[in-house]
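>>> pasting the structure only:
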């Protein structure tokens, strides 16, 4: 599926929730791996505020692109943010949504 670049150059971005490992399965605890780099993946909650509107995004980032000790409230810069729509069917139930992915997150705005 195609992905779309998201321009956050004029936005103010803060960490809402600290990085946590992105799991393939909660049952096994297996951590998802980036297919391109082989790095483990993390999910970071980001508050993106722009033009009077704020949104919370759960963004997947390779661990190599996440600084240590990111705490809620920390202003950050997001590198290479993209969105992609997804859909899957499990047990006859179809679900869909939008996933967010970034190359890196750097501390400081």
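Now that the structure is in, tell me what you want to look at. Computed from a predicted structure; not experimentally measured.
>>> worst-scoring helix or strand of the chain, pLDDT-wise?
Least confident helix or strand of the chain, by mean pLDDT, DSSP states H and E, is strand 82-90 with a mean of 91.
>>> ok, the next helix or strand along the chain from it: who's next to it in the sheet?
Downstream of strand 82-90, the next assigned helix or strand under DSSP states H and E is strand 93-101. Sheet pairing for strand 93-101, assigned by DSSP bridges, gives strand 53-62 (parallel), strand 82-90 (antiparallel).
>>> among those strands, which is the most enclosed?
Stretch with highest mean neighbour count among the strands paired with strand 93-101: strand 53-62 (a mean of 16; mean count of other Cβ atoms under 10 Å). All C-beta atoms are positioned from the backbone trio N, CA, C, and that covers glycine.
>>> what about this protein, any weak spots by pLDDT?
Filtered on pLDDT under 70, the chain yields the residue ranges 1, 109.
>>> who does the residue nearest the centre of the chain form a beta bridge with?
In the chain, the C-alpha nearest the mean C-alpha coordinate belongs to residue 59, at 0.9 Å (Cα atoms, centre = their mean). Here residue 59 sits in beta bridges with residue 44, residue 100, as judged by DSSP bridges.
>>> in contact with it, which residues?
43-46, 78, 81, 100-102, 105 (Cβ atoms under 8 Å, 6 or more residues apart in numbering).
>>> may I have the phi/psi pair for the residue of the chain positioned farthest from its centre?
For the chain, the residue at maximal distance from the C-alpha centroid (Cα atoms, centre = their mean) is residue 92, at 27.7 Å. Backbone torsions for residue 92, taken as degrees, to the nearest 10, come to phi 80, psi 0.
>>> same question for residue 46.
The phi/psi pair for residue 46 (degrees, to the nearest 10) is phi -120, psi 140.
>>> so what's it up against?
Listed by Cβ under 8 Å, 6+ apart, the contact partners of residue 46 are 13-16, 56-59, 76, 78, 105.
>>> ok, residue 52 next?
Counted by Cβ under 8 Å, 6+ apart, residue 52 has zero contacts.
>>> what about it, distance to residue 7?
16 Å (Cβ to Cβ, to the nearest Å).
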